[in-house]
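Engineer: Model the structure of this input:
(chains A and B)
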Amino acid sequence: MSAAATVGREGAIAARKRRRARRRVLEAPVYAFLMACAGLSIVTTVGIVLILFEETFHFFEEVNIIDFLTGTRWTPLFQSKSFGVLPLLNATFLIAFGAMLVAIPLGVLAAIYLSEYAPPLVRSSVKPVLEVLAGIPTVVYGYFALLFISPELLRPFGQGTAFSAASASIAMGIMILPLVASMSEDAMRAVPRSLREGAYGLGANRFEVATRVVFPGALSGIVAAIILGASRAVGETMIVTVAAGNQPNLSWNPLEAMQAMTAYIVQVSLGDTPRGTIEHSTIFAIGAVLFVSTLLLNIFAQWLLAKFREVYE
Amino acid sequence: MDHEKEARLVRSTGEGRTGRRSRHLLGGALALGVAALLLAACGGGDGTSNGPNATSEPALSGTVQVDGSSTVFPISEAVAEEFQREARSVRVTVGVSGTGGGMKRFCAGETDISDASRPIKQSEAADCAANGIEFIELPVAYDGLSVVVHPDNDWAQCLTVAELNLLWGPEAEGNVTNWNQVRAAFPDAGVALYGPGTDSGTFDYFTEVVNGDGGASRADFHASEDDNILVTGVAGDKNALGYFGLAYLEENRGLVKGVAIDGGSGCVAPTVETVENGTYAPLSRPLFIYVNKDSMAKPQVEAFVDFYLENAATLATDVGYVRFPASFYDAIKARWEAAETGSLFSGATGSVAEILGIG
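Structural biologist: Residues are numbered from 1 along each chain as shown, chains lettered A, B, ... in the order given. The predicted structure is shown next:
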C-alpha cells in the first residue's frame, strides 16, 4: 500500500475511534438524565404521600383513631365537634356502588357488541363517540345530574329532593361507562381468534361464542376494568359536590342527599380554615382515607389480573 | 397486559390508513373553532356605559380584591360590574368565602375589601390589629334575613322565633326531624333543612338572634356558603325549609316562598317595604364592607369605594336589598372621607341610626 493511502486509512480508523469515544461519553449523561426524569415522578409521589401522612398524624394526635373510624357523626366545623368518618365513607362507597350498577351492565354489554357483533363501520363510529363521553368535564356531569337527572328522571318516581346519591350515581355511571367498555373490549379482543373459530367450527352461534368462549376468556381483564372504574368512582369529586348534597348522612337510601368524602374536602377548602387548626387537618385525614381506599382497590385489581390472566400461546 | 397493548397497537395502525382525510377534517374543524372563539371574544367586549353617577377616571388601573359574605355578594358584584364599565383597566374580583372566611383573609392582608353580613367580631378585630391591619367599617344596606319554604308548602305561612329556635337549636339535632314537632297542626312529614355553613355571616347572625348564641346550631342540615345551592335545595323539595339573605328570595320568588316571622308583634313577611320601615324584626340587619386602610393608598381602591358609597342605594335596591335613608349614606361617606378606623357596630345594640350617631 502507498504511504498516502496508509496515512489516509489510519486517519479514518482514528476518526472512527474518536466518534465511538464521543458516543460512549454521551451515553452516561443521557442515561442519568432519563433516570432523573423517571425519578422525578417517584419523588413527587413520595412527597405527596409524606405531606399527606404528616398532617394526618397531627390529626390523630388530637382525635382517637377508633372514634374516627367507627363514629357516625361528622361535624368538625360546628361548635359541638364530632369526628366519625362513617357517614362520609358510606356515602362515597354507596355512590360508587350505584355508579358501577349503571356502568357495568351497560359497559360490558357495549363491549361485547363492539367486539363480537358490530360491523367495522359501526365500531369505527361508535368507539370515538364513547371516547367523547370520557372527555366531558366532570363538573358538566354534575350539573347534568342536578338539572336533568334529578328533576326529569327521578322526580316521576316520587323523589323529593334535588340533591341525592342516586342522581350522582347515575351521572357517575355514565362517566365511567367509556372506561369500562373500552378496557373490557380490549380484553375481549385479546382472546385469540382461534378459540372463536374453534367454537364456530363446533356449531356454536354468535351469542354462544360471545358468552361461553370470549367472555370467560376475557374475564380477568373485565374484572380489572370494573375495579379500576370503581376506584375512579371513589375518587370522583365534582359530580358528588354538585349533585349529591352537603349534609353528612349515614343512610342506605340512595334517594337521600348525603355528603361524600371528596365533597367535604371541597367544602372546607372553599372556605378559609386557618392552617394548624383541627378543621384544617380533617382535610388531610379524609385525603388519607381516600388515598388508602383507592390504593387498596388498585392493588386488588393488579393482583386479580396477575392471578387469573389467561396466557395464550 | 401485553395482549391488550398488542390489541391497542393493532387498532391504532389500522386507523392510520384513513389518516390523511381525517387530518384535513380535523384541520378544518380546528380553524373553524378558533375563528368562532375570536369572533365571540371581539363581539363581547363593548357595552354602553350608562351606569349611574359615574366617576370616570381613565388613568385608573390595577386590581381590587373583594371577598367575604355571599349575602353582600350581589351588591358588591353589581357595583364591581358598573365600576368596571367606567374604569376599564381595573380588575375587581369578588369572592364568596363567607363572612368568616373573608375576614380571615382580610386580616391576613390578602384582600382590600371584606364583605360582611354581620359586624366584625372582637376576636377578628384583634387578629387584624395583631397583623397591623386597620379597617374602615362602612354599612351599605339593610338585609331582611328570610326564612323560605317550597312554594307548595301551604302550612308554614308564619313561624315564631320560638318555633325557629325549636327547629334550629343544638338540641334539635337528631330529635326534631318532623314538621309536626314544630307545631302539632303541621303535617306529618320529615323536614329537610338548608342553611349557610359555619363560615357564613348569615349563619352567625341567625344563630345569634334565634338561638341566642352565635354559632350554636344543630349540625344535621345541608350547609353551604353558596346561597344558590340553598335555593336549589329548597326549590327541589316540598318539605324543605331554609334561610338566606333577602336578595336571594327576591330573585327567586317563583322558586321559593318567604315565611312571615312573628317577632312578638304579629306575623310580618320579608319584603323590601317591611325591612325598610323596621317592622320585619328581629331578622333585619345591616350589611357591611370593611376596607383595609392601607389599600386606600391604591387609587383604584379609593375610587371603587367612592363609587360603592355613591351607588349603594340604587344598586342594593336593584339586587333586592333595602337602601338606607339618604342621611345615613351622608354620615357613612363622612366616615369614609375622614378614614375613621375601628368598629362602631361590633357588639353594639340599637338601630343603625343610633349607632351612627344620627338618631
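Engineer: Let's see the pLDDT reported for the residue of the stretch 101-250 of chain B found nearest chain A.
Structural biologist: Residue of the stretch 101-250 of chain B nearest chain A, by C-beta to the nearest C-beta: B:G236 (2.6 Å). Quick note: C-beta positions are derived from backbone N, CA and C, even for glycine. On pLDDT, B:G236 comes in at 88.
Engineer: ok, now which ones touch the residue nearest to it when sequence neighbours are not counted?
Structural biologist: Spatially, and ignoring its direct neighbours in sequence, B:G236 is nearest to A:A162 (2.6 Å; C-beta to C-beta, 6 or more residues apart in numbering or on different chains). Neighbour list for A:A162: A:146, A:150-151, B:232-233, B:235-237 [criterion: C-beta atoms under 8 Å, 6 or more residues apart in numbering or on different chains].
Engineer: tally of neighbours for the residue in the stretch 1-150 of chain A positioned nearest to chain B?
Structural biologist: With C-beta to the nearest C-beta as the measure, A:T75 is the residue of the stretch 1-150 of chain A nearest to chain B, at 3.9 Å. Counted with other C-beta atoms under 10 Å in any protein chain shown, the neighbours of A:T75 add up to 19.
Engineer: Pretty sure it sits against A:K81.
Structural biologist: Yes: A:T75 is in contact with A:K81 according to C-beta atoms under 8 Å; the separation is 6.1 Å.
Engineer: Quickly list what's touching both of these two.
Structural biologist: Residues touching both A:T75 and A:K81 (C-beta under 8 Å, 6+ apart): there are none.
Engineer: before we move on, the earlier item: do you know how far the residue of the stretch 1-150 of chain A closest to chain B is from B:V301?
Structural biologist: Going from A:T75 to B:V301 by C-beta to C-beta, to the nearest Å gives 38 Å.
Engineer: Run the chain-centre distance for stretch A:136-145.
Structural biologist: The chain centroid and the centroid of stretch A:136-145 are separated by 17 Å under C-alpha atoms, centre = their mean, to the nearest Å.
Engineer: could you check whether that stretch is close to chain B?
Structural biologist: No: for stretch A:136-145, no contact with chain B is found by C-beta under 8 Å from any C-beta of the partner chain; the gap never falls below 10.5 Å.
Engineer: Nearest to chain B: which residue in the stretch 101-250 of chain A?
Structural biologist: For the stretch 101-250 of chain A and chain B, the shortest gap (C-beta to the nearest C-beta) falls at A:A162, measuring 2.6 Å.
Engineer: Could you chop chain A up by domain?
Structural biologist: Chain A is divided into the following domains under automatic domain parsing: A:3-62, A:86-308.
Engineer: Return the mean pLDDT over the first one, rounded to an integer.
Structural biologist: It refers to domain A:3-62. For domain A:3-62, mean pLDDT is 87.
Engineer: And stretch B:310-318, by the same measure?
Structural biologist: The average pLDDT within stretch B:310-318 is 91.
Engineer: Pull out the buried positions in that stretch.
Structural biologist: B:310-313, B:315-318 (16 or more other C-beta atoms under 10 Å in any protein chain shown).
Engineer: Quick one: neighbours of residue 190, just the number.
Structural biologist: As the question left the chain open, I've gone with chain A. Look at A:A190: counted by other C-beta under 10 Å, it has 23 neighbours.
Engineer: right idea, wrong chain: chain B
Structural biologist: Residues near B:G190, counting by other C-beta under 10 Å, number 11.
Engineer: residues touching it, list them.
Structural biologist: With C-beta under 8 Å, 6+ apart, B:G190 has these contacts: B:177-179, B:239.
Engineer: Now which of those would you call buried?
Structural biologist: For the contacts of B:G190, buried by 16+ other C-beta under 10 Å: B:179, B:239.
Engineer: Kindly identify which of the contacts of B:G190 also come near chain A.
Structural biologist: Answer for the contacts of B:G190 near chain A (C-beta under 8 Å from any C-beta): B:N239.
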